[in-house]
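Participant: fold the stuff below for me.
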Amino acid sequence: MLEIYKLDRALMPEGGIEEMMAIIMRKKGYPGFMEFGYNSYGKPYMDAFPDIHFNGSHSGEYLVCALSSSPVGIDIQKIEDKLGIIRLAERFFSPREIKCLKKVDTERQGPAFYRLWAQNEAYMKYTGLGFALPMSEFSVCQVNGRYQVVQNDAPIEDLAMLPVRIEGGYEGWVCTECKDTHPQIITLTEEDCRLI
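Facilitator: Model prediction:
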């Protein structure tokens, strides 16, 4: 099972991923107060529901949350025109990713940079390490027509890197062990937000 939820931040300006997850759980029929714990790197989980994995991200006008039966990481990035994309990539990305990014036409480097950033961060969140896992220690590459995480020159098997189509002008990616390659995106409404 893999579900992706999207929420316009204007509907919950003070809330974050935990509040969004409480809405999702109530929408799914789980009553009561949701209590969250955090691993030593800050990734949230629910003690009462150890078989439900979730992860969230926010950028621009949106919050997103991935819900899965297996470990999951999700990230979205609002695409912005920035100078110094290559310099920023050289600071964080793996040599393999930097080399690929430099081959991209200048006008397409911005979107390519944000795609790589969202993919990298989705994997880092999937591991539960977050930024304790440097982006330079792995690469996200196309292998046999699909994106995969590569470490030590070998793709990590049984791991899917899937696009999340949030809205034009955004890059979104989810990293999971789940075999569902076409997750549904569910938009939470103002009425849903009243469930908190």
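
Participant: helix, strand, or coil at the residue nearest the centre of the chain?
Facilitator: Geometric centre of the chain, nearest residue: residue 74, 1.5 Å, by Cα atoms, centre = their mean. Here residue 74 is strand, with the state taken from DSSP: H, G, I helix; E, B strand; the rest coil.

Participant: any idea what it is bridged to?
Facilitator: residue 174 (DSSP bridges).

Participant: residue 97 versus that one, what's the distance?
Facilitator: 19 Å (Cβ to Cβ, to the nearest Å). In short, each C-beta sits where N, CA and C put it, glycine included.

Participant: can you pull out the helices in this structure?
Facilitator: Listed in chain order, the helices of the chain (DSSP state H) span 17-27, 85-92, 95-103, 106-127, 190-193.

Participant: I'd like those helices laid out as TSV, including mean neighbour count, mean pLDDT and distance to residue 179.
Facilitator: As requested, those are arranged in TSV below (neighbours: other Cβ atoms under 10 Å; pLDDT from 0 to 100; distance: least, Cβ to Cβ, whole Å):
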stretch	mean neighbour count	mean pLDDT	distance to residue 179
helix 17-27	20	90	21
helix 85-92	14	90	30
helix 95-103	15	90	26
helix 106-127	20	92	15
helix 190-193	14	89	28
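
Participant: closest one to residue 181 among the ones you listed?
Facilitator: Among these, helix 106-127 comes nearest to residue 181, with 14.8 Å by Cβ to Cβ.

Participant: I figured the residue nearest to the centre of the chain was touching residue 66, is that so?
Facilitator: Yes. Contact criterion Cβ atoms under 8 Å: residue 74 and residue 66 qualify, at 4.0 Å.

Participant: which neighbours do the two share?
Facilitator: 4, 55-56, 164, 174 (Cβ atoms under 8 Å, 6 or more residues apart in numbering).

Participant: so which of the residues you listed are in strands?
Facilitator: Mapping those onto strands (DSSP state E) picks out 4, 55-56, 174.

Participant: by neighbour count, which of those wins?
Facilitator: residue 174 (28 neighbours; other Cβ atoms under 10 Å).

Participant: which residues touch the residue lying closest to residue 75 once chain neighbours are set aside?
Facilitator: In this structure, residue 75 finds its nearest non-sequential neighbour in residue 121, 3.8 Å apart by Cβ to Cβ, 6 or more residues apart in numbering. Counting by Cβ under 8 Å, 6+ apart, residue 121 touches 57, 73, 75, 77.

Participant: now those residues as a markdown table including distance to residue 29?
Facilitator: Formatted as a markdown table, these follow (distance: Cβ to Cβ, whole Å):
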| residue | distance to residue 29 |
| --- | --- |
| 57 | 25 |
| 73 | 26 |
| 75 | 28 |
| 77 | 32 |
